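Trainee: Sequence below, structure please.
(2 chains)
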Number of protein chains: 2
Amino acid sequence: MSIVLYDLAGADPEVRFSPYCWRTRFALAHKGLPVETVPWRFTDGSVIAFSGQGKVPVIRDGETVVADSWAIAAYLEDQYPAPTLFGCSTGRAHAQFVNAWADAVLVGGIARFIVRDLLDAIHPRDQPYFRSSREARFGMSLEDVQAGRDDRLAAFRDSLLPLRLVLRRQPWFGGPAPSYADHILAGTLMWPRCVSRFALLADDDPITEWLSRMLLEYGGLGSQAKRHA
Amino acid sequence: MSIVLYDLAGADPEVRFSPYCWRTRFALAHKGLPVETVPWRFTDGSVIAFSGQGKVPVIRDGETVVADSWAIAAYLEDQYPAPTLFGCSTGRAHAQFVNAWADAVLVGGIARFIVRDLLDAIHPRDQPYFRSSREARFGMSLEDVQAGRDDRLAAFRDSLLPLRLVLRRQPWFGGPAPSYADHILAGTLMWPRCVSRFALLADDDPITEWLSRMLLEYGGLGSQAKRHA
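Mentor: Residues are numbered from 1 along each chain as shown, chains lettered A, B, ... in the order given. From the prediction side, this is the model:
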């Protein structure tokens, strides 16, 4: 029986763009677990009320329901140990820092480049909620958040230096093969990829090279993902 | 036989302040390995010529010589597996990101608050080299680098958010007990602690609480370290 994943979708139900749902998609693929995704929109809160909260990703695995991308990864590792996401408990603890950096630095950094583009990709019924909630968070209009992005690009790229330093030493963030650290980072980068044509990464950036390899993993799961037109 | 560590020292040979040597000190203590430290100054390059390069930390373990804090940690883990620094190979790979973030973000961030204070702590014969090399790196005088630090403090503290997010979820960066991830981060924070009285961290910051626990580990190795007067 497939695991069911409630997965944030755009106006086009095949465009899936949540940086957190993508972490889960990669982790499920890594485990080789069959998945059935259910498109979900921001205004579908009641659809996942059974999870006791209102955000995706949520998975249902038989009788078990798990919400939150980190909790889902931990559940999958405990329930389906091989192939491993973390290697060992210390590997899991160390991945918390990658997750925290992605949440605190990468998600916020990327948002300032794509949040207005994102508005065009999401379902019309989600747009009023999305605009008002994000404008409240940023304290300005979505247009103003994204304005001047060409001038801010060099500083954003500089902020990714820790990623490049790791890729100088090993092919994947998990070492010789991808781990959940790769899923966190590539999952986060699937978000701009699926909703915007803005070139966040330079073509010759080692991060671009790693991401292009990551998109081909798991039968090309990332590379085949539908992007907003 | 003790492992010999060539350890960056100040004008006072008991003041040891290198963020990289401290990573090694903690890792050696974690392994319970006896160590004999040799005070070394920036202008003592020839003393460690046997290592094939000019920077500390360098260790000599019998016939084996290893330079570079990461390479030393990897050597110690391979040669003396228990207690573990990394847990497993994936744990080691994930710690590379912590190390890269510490090098790219934390060291550079801290330097802008303490580099002029540091000049007063180092040996007089190191001072001309230190000033000229660091002023070339920053493109300005040490006094100008450090100027206005009170105004920049809030932004620096904000940049440490990923650390706080991890500490909300687990007591150590290694999980239920310290790992080399803790050694990297605490080792880096020993640097400002030993050479400056500037309060980089707020008293009520969860990072301060974690660091105070870390200073008491290994028989109080960190808490007992001599600080520049």
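Trainee: can you pull out the helices in chain A?
Mentor: A:19-31, A:69-79, A:89-101, A:107-121, A:127-138, A:142-146, A:149-158, A:161-167, A:180-195, A:206-220 (DSSP state H).
Trainee: between those helices, which one is nearest to chain B?
Mentor: Nearest of the helices of chain A to chain B, taken as CB to the nearest CB: helix A:89-101 at 2.5 Å. C-beta coordinates here come from the backbone N, C-alpha and C atoms, glycine included.
Trainee: For residue A:32, which non-adjacent residue is closest in space?
Mentor: residue A:83 (7.4 Å; CB to CB, 6 or more residues apart in numbering or on different chains).
Trainee: Now for the one you found, how many residues are close by?
Mentor: Residue A:83 has 11 neighbouring residues, counting by other CB atoms under 10 Å in any protein chain shown.
Trainee: Pretty sure it sits against residue A:28.
Mentor: No. Here residue A:83 lies out of contact with residue A:28, judged by CB atoms under 8 Å, at a distance of 11.9 Å.
Trainee: Using CSV, write out every CA atom in stretch A:127-137.
Mentor: Taking C-alpha atoms only, stretch A:127-137 is exported to CSV below (Å, rounded to 0.1, in the frame of the first residue of the first chain):
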residue,chain,number,x,y,z
GLN,A,127,-3.7,34.1,-3.9
PRO,A,128,-5.5,36.5,-1.4
TYR,A,129,-4.3,34.4,1.6
PHE,A,130,-0.8,34.1,0.2
ARG,A,131,-0.5,37.8,-0.6
SER,A,132,-1.8,39.0,2.7
SER,A,133,0.1,36.5,4.9
ARG,A,134,3.4,37.1,3.2
GLU,A,135,3.0,40.8,3.0
ALA,A,136,2.4,40.8,6.7
ARG,A,137,5.5,38.7,7.3
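Trainee: related to what we said a few turns ago, okay, the helices of chain A in JSON lines with mean pLDDT and distance to residue B:160 next?
Mentor: Converted to JSON lines, the helices of chain A look like this (pLDDT from 0 to 100; distance: least, CB to CB, whole Å):
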{"stretch": "helix A:19-31", "mean pLDDT": "98", "distance to residue B:160": "22"}
{"stretch": "helix A:69-79", "mean pLDDT": "98", "distance to residue B:160": "20"}
{"stretch": "helix A:89-101", "mean pLDDT": "98", "distance to residue B:160": "11"}
{"stretch": "helix A:107-121", "mean pLDDT": "98", "distance to residue B:160": "14"}
{"stretch": "helix A:127-138", "mean pLDDT": "98", "distance to residue B:160": "21"}
{"stretch": "helix A:142-146", "mean pLDDT": "98", "distance to residue B:160": "24"}
{"stretch": "helix A:149-158", "mean pLDDT": "98", "distance to residue B:160": "18"}
{"stretch": "helix A:161-167", "mean pLDDT": "98", "distance to residue B:160": "14"}
{"stretch": "helix A:180-195", "mean pLDDT": "98", "distance to residue B:160": "19"}
{"stretch": "helix A:206-220", "mean pLDDT": "98", "distance to residue B:160": "23"}
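Trainee: Quick check: residues of chain A near chain B?
Mentor: A:84, A:86-101, A:103-105, A:161-163, A:165-166, A:169-170, A:172-176, A:179, A:181 (CB under 8 Å from any CB of the partner chain).
Trainee: Could you write me a PyMOL select line covering just the buried ones among the residues you listed?
Mentor: Buried members of the residues of chain A next to chain B can be picked out in PyMOL with the line below, counting by 16 or more other CB atoms under 10 Å in any protein chain shown:
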select buried, chain A and resi 84+86+87+88+89+90+91+92+93+94+95+96+97+98+99+100+101+103+104+105+161+162+163+165+166+172+173+174+175+179+181
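Trainee: thinking again about what came up before, for the helices of chain A, give me JSON lines that also has distance to residue A:10.
Mentor: Converted to JSON lines, these look like this (distance: least, CB to CB, whole Å):
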{"stretch": "helix A:19-31", "distance to residue A:10": "12"}
{"stretch": "helix A:69-79", "distance to residue A:10": "19"}
{"stretch": "helix A:89-101", "distance to residue A:10": "25"}
{"stretch": "helix A:107-121", "distance to residue A:10": "4"}
{"stretch": "helix A:127-138", "distance to residue A:10": "11"}
{"stretch": "helix A:142-146", "distance to residue A:10": "16"}
{"stretch": "helix A:149-158", "distance to residue A:10": "21"}
{"stretch": "helix A:161-167", "distance to residue A:10": "27"}
{"stretch": "helix A:180-195", "distance to residue A:10": "7"}
{"stretch": "helix A:206-220", "distance to residue A:10": "19"}
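Trainee: To residue A:228, which of the ones you listed lies closest?
Mentor: Closest to residue A:228 of these, according to CB to CB: helix A:107-121, at 3.9 Å.
Trainee: now the angle between helix A:149-158 and that closest one, please.
Mentor: Orientation check (axes from the mean of the first three to the mean of the last three CA atoms, to 10 degrees): helix A:107-121 against helix A:149-158 gives 140 degrees.
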